[in-house]
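[1] Take a look and give me a structure for this.
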Amino acid sequence: MNAIAAHLWQSTLFGVAAALLTLMFRASQARVRYWIWLTASLKFLLPFALLTSLGSPIHIRTPFSVPEISATSPAVSQTPGYFSRPALPYITAPRSASSRPTISIDLVIFGMWGCGVFSLALIRLRGWLRIRRVLRASLATNIPVPVEVRSSPCLSEPGVVGFIRPVLLLPQGITERLTPSEMNAILAHELCHVRHRDNLFAFVHMVPETIFWFHPLMWWIGARLLEERERACDEDVLNRGAEPDVYADAILSVCRLYVESPRFCACGVTSATLNRRLEIIMSNRVAKKLDRGRKILLAAAGAAAVVLPLLAGSLEVPRRSDQAAATPRPKFAVTSVKPTTYCCGSGGVGNGGSLNRGTTLKNLIGTAYVVQEFQISGGPGWIGSDRFDVEGKAEDPNADYGQLRLMLQSLLEDRFQLQLHREVKESPIYALVVGKGGPKIKLAADQTSPDVHGPSPIGSSRPNRGALRFGPGSIIGNAAQIPLLVRFLSQRLGRIVVDQTGLSGRFDFQLQWAPGIGENPLYPGGDPIPPGDPSLPSIFAAIQEQLGLKLESTRAPVEVLVIDHVEKPSAN
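    Residues are numbered from 1 along each chain as shown. Model (predicted):
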């Protein structure tokens, strides 16, 4: 909804700019003002963000434009089978439980918009069908003009229909009711519509007008288009030698004898502000042609409408955190990166340094920037398939997890020449909520003791305190917090999961399910997950039955990392 509101606001400003531009060209030809208004109409179909995104590839981004993780950021171990602490938020503005009704409001707004579009499209379809019936019932005439001319007893006024093969429809008997000079003036007016392809451009405007029916500016632009279209034809008729008084009398005669036709179906002769048109016709004002200065001004305005968004995209500088700008990123004292065929590694960091055996670059990026692998896009295929033994030793053996991740970012920049940036995209997510029967997980007996980091002792059936142990279709939590479960589910389902349970504290729980549809088939780093017990329920059903929680599908703005440049590591 925010993106739609921004687009409407930008299109409105563009329409205001078009109004100011038409004032500057009020003494010029009406066809010039007509094109300005038509451009303002089409702007509603062209989001500013689209042009901005087209300009983004022009910009050469600086390395590590992603906001840095501070030294106090919480850490997450990515050792296979073991999770130790919750990750940073993945979503820029997660919906809380109290904001869930907003989804219903969005659906109501969308439904109202859809009803409006359908109703307006139906009205215009009925008008088109009525014109088609009139055309079928019409009779051919022998009036010598460049387009087919037909007469109809049920037509309200002269008009041109169709934009591929236009046909001029005349009311039956009009040639007897108008003088030859008046008839010639009317024919000249209608042929002007044909030459300018006004029916085609009227249809082009009809598309954004139908989609954005709720915006008053669209209807105002439509009225201006109609007015300038008729004035442009008036100017053309007078420039071709028609007498102003004869032409004005012809228009008045049509108004006396006939009523106005549906203006969105056919280009007639009596549309727009009639009194003003007759005043201009009788004064026989000569519209000024565009001189060189006005042509340059108009071309500059059109170029600015395209170039400025492209320039904004090319000059986009991703924001960095204040800490990253103030302090240099720490680095490992010793680093080593070697290709390997070992296939069971991860991208975790340990106390005092990093030793990652058989890990992929994508997994390392996920660790360094605290994102899931499915939040990383771009880059060659080898970043998720080739494996490396990566070692980094910190000078300070007591460096915390936040500092080690900054060191890992530096390592990725130095050895892999990694450059990336962050984007926000509207994506499907899961919201973890409490089921109808209430939660079934139990609070841990000890709520105050600190977490125990590192892998569980050999032979232990439970993970360390504050951690999860998982395997194919099973997970055990020992005094674990809900955000840790949410992070595991995000990785397991390949989609962001947001905690909307409102549950706080530490919990002991066990979950068993049959790995299957809707799940990520790989462990972190790309290792395949062995099949579990097929007799067990799916992970969605197991969460509801065994934990008393529920996963609901929704959408939210999700941050993703986009790789701009990466290279295979140089030799040590």
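[2] Please enumerate the strands of the stretch 351-500 of the chain.
    Secondary structure of the stretch 351-500 of the chain (DSSP state E, counting those that start in this stretch): strands at 353-360, 376-377, 387-393, 419-434, 442-443, 467-471, 474-480, 497-499.
[3] would CSV of these with mean pLDDT and distance to Phe44 be doable?
    No exception for glycine: its C-beta is placed from N, CA and C like everyone else's. CSV is the format used below for the strands of the stretch 351-500 of the chain (pLDDT from 0 to 100; distance: least, CB to CB, whole Å):
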stretch, mean pLDDT, distance to Phe44
strand 353-360, 72, 44
strand 376-377, 90, 29
strand 387-393, 86, 50
strand 419-434, 90, 20
strand 442-443, 92, 54
strand 467-471, 83, 50
strand 474-480, 90, 49
strand 497-499, 92, 33
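[4] the inter-axis angle of the lengthiest helix in the chain versus strand 419-434?
    Looking across the chain with DSSP state H, the single longest helix is helix 101-137. In terms of direction (axes from the mean of the first three to the mean of the last three CA atoms, to 10 degrees), helix 101-137 departs from strand 419-434 by 100 degrees.
[5] Which other helices and strands does the next helix or strand after helix 101-137 contact?
    Using DSSP states H and E, the helix or strand that follows helix 101-137 in sequence is strand 139-140. Judged by 3 or more CB pairs under 8 Å, 6 or more residues apart in numbering; DSSP states H and E, the packing partners of strand 139-140 are strand 148-152.
[6] from the chain's centre, how far out does the strand it packs on sit?
    Centroid displacement of strand 148-152 relative to its chain, using CA atoms, centre = their mean, to the nearest Å, is 47 Å.
[7] what's it packed up against?
    Looks like strand 148-152 contacts helix 101-137, strand 139-140, strand 167-171 (3+ CB pairs under 8 Å, 6+ apart).
[8] Pull up the pairing partners for the second one, direction included.
    Looking at strand 139-140 with DSSP bridges, its partner strands are strand 148-152 (antiparallel).
[9] what about the strands of the stretch 351-500 of the chain, which gets the closest to Met218?
    Closest of the strands of the stretch 351-500 of the chain to Met218 is strand 419-434, at 24.7 Å (criterion: CB to CB).
[10] Keeping just the C-alphas, turn the closest one into PDB.
    Taking Å, rounded to 0.1, in the frame of the first residue of the first chain, the C-alpha atoms of strand 419-434 are listed here in PDB:
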ATOM      1  CA  GLN A 419      30.100  -6.100  -3.300                       C
ATOM      2  CA  LEU A 420      26.400  -6.100  -2.500                       C
ATOM      3  CA  HIS A 421      23.500  -3.800  -1.500                       C
ATOM      4  CA  ARG A 422      20.200  -4.200   0.400                       C
ATOM      5  CA  GLU A 423      16.800  -3.900  -1.100                       C
ATOM      6  CA  VAL A 424      13.300  -4.200   0.300                       C
ATOM      7  CA  LYS A 425      10.700  -6.200  -1.500                       C
ATOM      8  CA  GLU A 426       7.100  -7.100  -0.800                       C
ATOM      9  CA  SER A 427       7.200 -10.900  -0.300                       C
ATOM     10  CA  PRO A 428       5.100 -13.700   1.100                       C
ATOM     11  CA  ILE A 429       5.900 -14.500   4.800                       C
ATOM     12  CA  TYR A 430       4.500 -16.700   7.600                       C
ATOM     13  CA  ALA A 431       3.200 -15.200  10.800                       C
ATOM     14  CA  LEU A 432       3.600 -17.500  13.800                       C
ATOM     15  CA  VAL A 433       0.500 -17.100  16.000                       C
ATOM     16  CA  VAL A 434      -1.200 -18.900  18.900                       C
END
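[11] got the buried residues for that strand?
    Gln419, Leu420, His421, Arg422, Glu423, Ser427, Ile429, Tyr430, Ala431, Leu432, Val433, Val434 (16 or more other CB atoms under 10 Å).
[12] bridging residues for the last one?
    In this structure, Val434 bridges to Leu549 when assessed by DSSP bridges.
[13] Val194 contacts Val167, correct?
    No - Val194 lies out of contact with Val167 (CB atoms under 8 Å); the separation is 9.6 Å.
[14] Pull up the overlap in contacts between the two.
    The contact sets of Val194 and Val167 overlap at Val147, Val160 (CB atoms under 8 Å, 6 or more residues apart in numbering).
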